[in-house]
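# I'll drop the sequence and a predicted model, then ask my questions.
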Amino acid sequence: HALESNLRQALANGEFEPFYQPIMDMRTRRVHALEVLLRWRRPEHGLVMPDDFIPTLEENGMIVPVGEWVIRRACEQSMAWQRAGLAPVPLAINLSARQFMHRALVASIKRIVDETGIDPQLVEFEITETALMQHGEQTLEILDQINRMGMRLSIDDFGTGYSSLAYLKRFPVRKIKIDRAFIRELEASSEDRAIVAAVMALANSLQLQVVAEGVETEEQLALLRDYGCQYVQGWLFARALDAEAARELLAG
Ligand code: G
Ligand code: G
Ligand code: G
Ligand code: NA
Ligand code: MN
């Protein structure tokens, strides 16, 4: 369990670092939001990606304090950018099922808003459909509390999880993110195109915004534009950037 004890030290030693990937607005061609993606700057290892440490944090429960730290750090960063004169840009912050289950989540979000002074409208949370489906009525209560604070909710990795269309109507969700598995072969796969078209139709009738993830080519972008998808995220525009590179992007 060397990894686990290294992760404990990482939080104490300030080795975690949020990166920021732009979500672009097709209509304005500007940055619509920044997704916050955690990195671990591990001494003598370099930059470690979340897939190599988030699962361990989820298993041992450390995702709760680390996730709280991410929310706080990202809000502080947003405030620093605003004080430096940059136009405010919403942050899209990932929440794991484990964080979502934790009873102190809402209180800790409130505290972070009070202490950083961030406008809650600048914070949205991304939650997978599987995480949403795990906790029944309690889920609706937590989502309502977050929503009443003025924060938005998105469903992440849409289409890959435990799907029930009923919750789209019941939950105060503003946006769905089509998983990049459906975008990757969009040009070659008529099935993927049919899925994207169906998601767009559903989203339009429920008045949900849609983000397509994993957009890597101009051809994918053109198809998404044809389907009426307004928001796009992927390496065609930018990878996840460190705070300084994100600042430069926002500064134009
Ligand atoms: O708009 P600009 O030339 O600054 O584009 C920056 C990058 O975004 C380029 O790599 C371009 O290929 C890509 N891009 C192409 N079409 C669009 C679009 O409709 N919206 C946005 N935001 N970027 C686009
Ligand atoms: O940046 P990358 O695409 O490698 O991230 C992989 C996955 O790690 C993301 O899809 C997301 O689910 C998870 N992840 C990244 N950053 C965070 C974070 O700050 N909190 C949580 N809970 N998950 C994250
Ligand atoms: O939260 P989620 O698991 O959806 O996080 C998004 C993940 O997708 C991050 O790990 C990010 O680095 C990755 N990603 C973002 N854009 C692209 C892309 O255009 N192509 C690929 N392959 N991965 C991407
Ligand atoms: Na996400
Ligand atoms: Mn996703």
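Received it, and whenever you're ready, just let me know what you need. Numbering: from 1, shown residues only. Ligands and ions are numbered 1, 2, ... in the order given.

# Checking L132 next. Helix, strand or coil?
helix (DSSP: H, G, I helix; E, B strand; the rest coil).

# if I pick it, what's in contact with it?
139, 143, 155, 167, 171 (CB atoms under 8 Å, 6 or more residues apart in numbering). From N, CA and C alone the C-beta is placed, and that goes for glycine too.

# Go through stretch 107-124 and flag the buried ones.
By 16 or more other CB atoms under 10 Å, the buried positions in stretch 107-124 come out as 108-109, 112-113, 116, 118, 120, 122-124.

# ok, these vs E35, which is closest?
E124 (9.4 Å; CB to CB).

# rewinding a little: can you tell me which of the contacts of L132 end up in strands?
Counting by DSSP state E, the part of those found in strands is I155.

# Ligand 3 next: which of the contacts of L132 are close?
Applying CB under 6 Å from any ligand atom, the subset of the contacts of L132 adjacent to ligand 3 is empty.

# ok, the contacts of L132 vs S190, which is closest?
Distances from S190 to the contacts of L132, taken by CB to CB, are shortest for I155, at 24.7 Å.

# Surely that closest one and I178 touch.
No. With contacts counted by CB atoms under 8 Å, I155 stays clear of I178, the gap being 9.8 Å.

# More neighbours: these two, which one.
Set I155 next to I178 and count neighbours by other CB atoms under 10 Å: I178 wins out with 30 against 25.

# what sits against the more buried one?
158-159, 196, 199, 210-213, 229.

# in the sheet, who's paired with it?
As for beta bridges, I178 partners with F158, A212 under DSSP bridges.

# ok and the residue in the stretch 151-252 of the chain nearest ligand 2?
A240 (5.4 Å; CB to the nearest ligand atom).

# and that residue, how many neighbours does it have?
A240, neighbours per other CB under 10 Å, totals 20.

# and if you look at E185?
Quick note: E185 (other CB under 10 Å) scores 12 neighbours.

# got the contact list for it?
E185 neighbours (CB under 8 Å, 6+ apart): D192.

# what about the helices in the chain?
For the chain, applying DSSP state H gives helices covering 2-13, 54-60, 63-83, 97-101, 105-116, 129-133, 136-148, 166-170, 190-206, 218-226, 243-251.

# List the contacts of D157.
By CB under 8 Å, 6+ apart, the contact list for D157 reads 128-129, 177, 179, 213.

# Kindly recompute the last result at 10 Å.
126-131, 176-181, 213 (CB atoms under 10 Å, 6 or more residues apart in numbering).

# Of these - the most surrounded one?
Neighbour max across the contacts of D157 (other CB under 10 Å) = I178, 30 neighbours.
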